[in-house]
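Undergrad: please work out how this folds:
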Amino acid sequence: MVNLVRPLARPAWNRSGRGEGSTAAEASGLGFELLLAQLEAFESRMNERMESLSEKIHSLKDQLKEVENKQSAKLERVSKSLSTLDGKFNELKKTSANDHRSIRYCITELASRMGHLTGEELSKHLEQFKAELAVPSVYTVKYKTSSAFRVSRAKSSKPSYGGNWIVFQHRFDGSLNFNRSWSDYANGFGDLRGEHWLGLDKLHRILSSERHELLLEREFSSDISTASH
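TA: Below you'll find the predicted structure:
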């Protein structure tokens with residue numbers, strides 16, 4: 001018979017003096033804490049990105065609203081311009097119709113008289129009708145927010161300049177005294193169908209509405225000179 005003795009097996013100890021079971025549990029807890037920290041960091045980054053994205057969205061909305069407002073303003077201006085052009089076109093149609101009626105009337109009257117006129121009488125009446133055609137037509141006009149007022153429109157003595165000119169000064173026979181006060185020149189004076197000065201106030205309202213062309217006509221000894229600007 002042999003009797004043997006040996007030490008009982010003891011659990012292995014780590015450097016800290018703890019058992020292997022305790023070490024595994026600690027490692028598992030540390031891994032969970034690291035994972036939790038990573039999740040929190042990821043969540044923080046996502047929140048920052050979401051906040052940045054939200055700011056960009058708000059900025060784009062503001063820019064879009066600004067563009068819409070600008071486009072709306074442009075459309076409104078275009079609409080007003082079209083309305084103004086439509087009004088001017090209608091006014092031009094009326095002016096052309098009136099001019100056409102006047103010319104037809106003069107031609108008809110002239111034709112009815114020519115049949116029984118001598119050469120001298122015919123020449124005299126031709127000069128008379130020529131003078132009648134040169135008489136301006138009177139119209140009522142209104143510019144933007146200003147009150148309406150009357151102006152005379154006439155054709156140029158030279159066909160190349162056409163018609164529909166607003167007459168702001170007309171002097172031809174010396175029947176009207178132009179030696180006037182500043183108030184008269186500001187408000188205007190004379191007869192729109194004869195010698196007259198339209199008035200600086202009305203002229204300012206006309207020129208302020210849009211760009212205009214200036215035509216000056218001078219007659220001396222039946223010789224007519226013109227200058228346009």
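
Undergrad: quick one: secondary structure of residue 192?
TA: coil (DSSP: H, G, I helix; E, B strand; the rest coil).

Undergrad: same question for residue 60.
TA: Assignment for residue 60 (three-state DSSP): helix.

Undergrad: for residue 214, what are phi and psi?
TA: phi -100, psi 130 (degrees, to the nearest 10).

Undergrad: helix or strand: which one has residue 174?
TA: Using DSSP states H and E, residue 174 is not contained in any helix or strand.

Undergrad: residue nearest the middle of the protein, spatially speaking?
TA: residue 77 (4.4 Å; C-alpha atoms, centre = their mean).

Undergrad: avg pLDDT for the helix or strand harbouring it?
TA: Using DSSP H and E, residue 77 sits in helix 20-114. Helix 20-114 shows a mean pLDDT of 77.

Undergrad: off-centre distance for that helix?
TA: Chain-centre distance of helix 20-114: 18 Å, with C-alpha atoms, centre = their mean, to the nearest Å.

Undergrad: give me the neighbour count for residue 149.
TA: 16 (other C-beta atoms under 10 Å). For every residue, glycine as well, the C-beta is placed using N, CA and C.

Undergrad: and the gap between it and residue 38?
TA: In this view, residue 149 and residue 38 are 83 Å apart by C-beta to C-beta, to the nearest Å.

Undergrad: helix/strand/coil for the nearest residue to residue 200 once chain neighbours are set aside?
TA: Distance criterion C-beta to C-beta, 6 or more residues apart in numbering; nearest residue to residue 200, sequence neighbours excluded, is residue 186 at 5.0 Å. Three-state call for residue 186 (three-state DSSP): helix.

Undergrad: residue 186: what's it in contact with?
TA: 199, 200, 201 (C-beta atoms under 8 Å, 6 or more residues apart in numbering).

Undergrad: can I get those in CSV with pLDDT?
TA: Formatted as CSV, these follow (pLDDT from 0 to 100):
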residue, pLDDT
199, 92
200, 92
201, 91
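
Undergrad: phi, psi of residue 142?
TA: According to degrees, to the nearest 10, residue 142 has phi -150, psi 130.

Undergrad: what sits against it?
TA: Contacts of residue 142 by C-beta under 8 Å, 6+ apart are 148, 149.

Undergrad: tell me the mean pLDDT over the helix or strand residue 219 falls within?
TA: Applying DSSP H and E as the criterion places residue 219 in strand 215-220. Strand 215-220 comes out with an average pLDDT of 79.

Undergrad: that one packs against which elements?
TA: With contacts defined as 3 or more C-beta pairs under 8 Å, 6 or more residues apart in numbering; DSSP states H and E, strand 215-220 has these neighbours: strand 223-228.

Undergrad: so what are the domain limits for the chain?
TA: Domains of the chain are assigned by the TED database as 33-125, 134-208.

Undergrad: so can I have CSV of these showing distance to residue 219?
TA: Below are these laid out as CSV (distance: least, C-beta to C-beta, whole Å):
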stretch, distance to residue 219
domain 33-125, 19
domain 134-208, 8
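
Undergrad: what is the neighbour count of residue 163?
TA: 13.

Undergrad: my read is that it contacts residue 153, right?
TA: Yes - using C-beta atoms under 8 Å, residue 163 is in contact with residue 153, at 7.5 Å.

Undergrad: shared neighbours, those two?
TA: What both residue 163 and residue 153 touch, as defined by C-beta under 8 Å, 6+ apart, is the set residue 95.

Undergrad: how near is residue 56 to residue 49?
TA: Counting by C-beta to C-beta, the gap from residue 56 to residue 49 is 10 Å.
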